[in-house]
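Colleague: my questions concern the predicted model and sequence given below.
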Amino acid sequence: MRGRVAVVTGASRGAGRAIAAVLGERGATVYVTGRSSRAEPVAGRTAGTVEDTADEVTARGGEGIAVVCDHTDAAQVEALFERVGRERGRIDVLVNNAWGGYERMNESPGPFWAQPVDVHWRGMFEAGVHAHLLSVRHATPLMLPPDAPRDVRMTGVCARCGLAVLQGEASEPGERGFLLHAYDCVAAAQAVPARALIVSTIAWLFDRYVGNLFYDTAKGAVVRMAWGLSRELRRYGIASVALAPGFMRTERVMEAHAKHPFDLDQTESPEYTGRAVAAMAEDADVMRWTGRVLTSGELARAYGFTDIDGTQPEPFRIPGDEAVPGREMGKS
């Protein structure tokens, strides 16, 4: 990945830090973002800053660039991507990992109607869903091909390929208000080579309900957003996937384990997810995954990588789940 540019949000610790580090190991330039800095660490958070992660990226052979950014602040997000555009001119990989939903998740363990909507909205939707949307909104223009139209109108949706029909494209009326491209649009879409990748990390995947309506809805929204991006951006060679790690041994998890030990046999390192992202980023055929929701374990088997201990932890499953692995995001 030498010469390629990545932005990893929420990368001061956990999965974000590991993803940034592995991309650096592959030679990438990585903009590492988050709220925690050496100058102003976030109160109540485990150790880790954007500078620490950037230094690790550089130590592993890449170029780490630390940027303090609160991804709930639209002005800060816009400034981040303006800086990347000014300094590098493009983005090859965007990893949407920023998330603030755990900070006060367990304060009100009762049913959803007894929980404070404003607290969960700020943590899970503003610092989760909205943060992801802001990033893709500002990153996408830096991922598009140079000749892609920046201001184009959509006249409808093609019933055959599922992609937008843009103003000026030859089309004909279809059924129930849809349009039909006047060419083999399916073959054309499949022939577009990959040029960039958007990964949205999620912590919940299949059909088992986690017991928190706000959390479940927010994570589901991120999955649907990733699926919608795959439809919007396929014609430009930008792949979009949602990626679910397994039970990771993050700093937060290991702190909890130190206080109250529990079984770590079914866990994986955060670098397992980092290797999953790197494998996709290096794959010239990554468009085969676009519009999918994936696990680190499934990608390990597809690409042949292992965790840091040489094992391949199984794809994450909640006991009783019967969902099909790698199913398309928009399907129930």
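Modeller: Yep, that arrived.

Colleague: shaky segments in the stretch 51-200 of the chain?
Modeller: In the predicted model of the stretch 51-200 of the chain, residues 100-109, 119-121 satisfy pLDDT under 70.

Colleague: can you map out the strands along it?
Modeller: With strands called from DSSP state E, counting those that start in this stretch, the stretch 51-200 of the chain shows them at 63-68, 93-96, 154-157, 164-166, 171-173, 179-181, 196-201.

Colleague: rebuild these as a markdown table, extending it with distance to His138.
Modeller: Bear in mind the C-beta positions are built from the backbone N, C-alpha and C, glycine included. Converted to a markdown table, the strands of the stretch 51-200 of the chain look like this (distance: least, Cβ to Cβ, whole Å):
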| stretch | distance to His138 |
| --- | --- |
| strand 63-68 | 13 |
| strand 93-96 | 10 |
| strand 154-157 | 20 |
| strand 164-166 | 20 |
| strand 171-173 | 30 |
| strand 179-181 | 29 |
| strand 196-201 | 12 |
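
Colleague: burial measure for Asp151, as a count.
Modeller: 4 (other Cβ atoms under 10 Å).

Colleague: starting from Ala47, give me the distance back to it.
Modeller: Distance, Asp151 to Ala47, by Cβ to Cβ, to the nearest Å: 45 Å.

Colleague: ok, Ala187 next?
Modeller: Here Ala187 is placed at a distance of 51 Å from Ala47 (Cβ to Cβ).

Colleague: quick one, what contacts the most centrally placed residue in the chain?
Modeller: Centroid-nearest residue in the chain: Ser200, 1.5 Å away (criterion: Cα atoms, centre = their mean). Neighbouring residues of Ser200 by Cβ atoms under 8 Å, 6 or more residues apart in numbering: Asn96, His132, Val222, Val223, Met225, Ala226, Ser240, Val241, Ala242, Leu243.

Colleague: of those residues - the most surrounded one?
Modeller: Neighbour-wise, the contacts of Ser200 (other Cβ under 10 Å) top out at Asn96, 31 neighbours.

Colleague: which residues does that one contact?
Modeller: The contact partners of Asn96, by Cβ under 8 Å, 6+ apart, come to Thr9, Ala131, His132, Ser135, Val136, Ile198, Val199, Ser200, Thr201, Val222.

Colleague: make CSV from the residues you listed and add distance to Arg60 to it.
Modeller: CSV is the format used below for the contacts of Asn96 (distance: Cβ to Cβ, whole Å):
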residue, distance to Arg60
Thr9, 19
Ala131, 26
His132, 26
Ser135, 24
Val136, 27
Ile198, 23
Val199, 19
Ser200, 24
Thr201, 20
Val222, 28
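
Colleague: just the buried members of these?
Modeller: Buried members of the contacts of Asn96, scored by 16 or more other Cβ atoms under 10 Å, are Thr9, Ala131, His132, Ser135, Val136, Ile198, Val199, Ser200, Thr201, Val222.

Colleague: any idea how far the third one is from Lys219?
Modeller: Yep, that's His132 we're talking about. Distance, His132 to Lys219, by Cβ to Cβ: 11 Å.

Colleague: tell me which stretches of the protein form helices.
Modeller: Ranges of helices in the chain, per DSSP state H, are 14-25, 50-59, 74-87, 117-120, 130-139, 185-191, 213-233, 251-259, 270-281, 296-303.

Colleague: check the burial of Asp283 by counting its neighbours.
Modeller: By the criterion of other Cβ under 10 Å, Asp283 has 17 neighbours.

Colleague: that one touches Ala194, doesn't it?
Modeller: Yes: here Asp283 lies in contact with Ala194, judged by Cβ atoms under 8 Å, at a distance of 7.5 Å.
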